[in-house]
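Undergrad: coords please:
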Amino acid sequence: MDMPVDHLIYAAPTLESGMDSIEALLGVRPVYGGAHPGRGTHNAVLALGPEAYLEVIAPDPAQPEAPRPLWIAADTVVEPRLIYWAARSKDLEGLVEKARRNGLQLGEISAGIRARPDGSMLHWRLTDPQANPAGGIVPFFIDWGDTLHPAKGLPVGGKLLSLEALHPEAERVQAQLRLLELGLPVHPGPQPALVARIRTLNGESVLN
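TA: A predicted model of the protein is given here:
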């Protein structure tokens, strides 16, 4: 099994509060990434490796008409925290079908778009984050296609060393991850939670 972590999702009530929290933790301030048109969110980002990054995401005040609940549940947090992760895949259709045959719903595949501050566009395809079958522990899957990976050219916040999870039904969720060929360790815990360890210039930090 592998751990193809594409990005970690750190949600906050406001983007500024999320950026402040990450800067205090990692010693590097995320840079504004852009808005997700029609989806009601905007983000700031930091690289955690050549093809891995941290996404701080929050409701976008410029999109008050966006459908609720938001596609990524940034509108449900009262303080910044790690809520989700995305895994890379080049076979979204195959994954969705395999999961469906085994009773696990990853939702429909859709396309996403985001404008960078320089005006260039990022395009991707992904499974539905709102399917969320295990409280953020089973990831959604993303395929960037021919788009340059967003980690390229970002400030480096550190290197992702490990990612683990807690869940009250740890064995069931671990079996779901094995089905998807993901090696994320899941430990018993009172509620779903992700714990990332990141090596920074100031030593190892824990993000949760």
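Undergrad: is it true that L201 touches G27?
TA: Yes: the pair L201 and G27 qualifies as a contact (C-beta atoms under 8 Å) at a distance of 6.1 Å. Yep, even glycine has a C-beta here, placed from its N, CA and C like the rest.
Undergrad: between these two, which one's more packed in?
TA: G27 (14 against 10; other C-beta atoms under 10 Å).
Undergrad: so for stretch 131-149, what gets flagged as buried?
TA: 132-144, 149 (16 or more other C-beta atoms under 10 Å).
Undergrad: quick one: Q176 and P133, what's the gap?
TA: Q176 is 7 Å from P133, where distance means C-beta to C-beta, to the nearest Å.
Undergrad: need the overlap of contacts for these two.
TA: Counting by C-beta atoms under 8 Å, 6 or more residues apart in numbering, the common neighbours of Q176 and P133 are L104.
Undergrad: tell me who's in contact with R81.
TA: Taking C-beta under 8 Å, 6+ apart, one finds 10-11, 208 in contact with R81.
Undergrad: same thing but at 10 Å, please
TA: Neighbouring residues of R81 by C-beta atoms under 10 Å, 6 or more residues apart in numbering: 9-12, 18, 21, 136, 193-194, 207-208.
Undergrad: what helices or strands is the helix or strand of the chain with the lowest mean pLDDT leaning on?
TA: Taking mean pLDDT, DSSP states H and E as the measure, strand 110-115 is the helix or strand of the chain with the lowest mean score, a mean of 85. Secondary-structure packing of strand 110-115 (3 or more C-beta pairs under 10 Å, 6 or more residues apart in numbering; DSSP states H and E): strand 31-36, strand 41-49, strand 121-126.
Undergrad: what pairs with it, parallel or antiparallel?
TA: In the sheet, strand 110-115 lines up against strand 121-126 (antiparallel) (DSSP bridges).
Undergrad: what residues sit buried inside the strand it pairs with?
TA: 122, 124-126.
Undergrad: quick one: which of these is nearest to P67?
TA: Using C-beta to C-beta, L126 is the member of those that sits closest to P67, with 16.9 Å.
Undergrad: surely the closest one touches Y84?
TA: No: between L126 and Y84 there is no contact under C-beta atoms under 10 Å: 11.8 Å.
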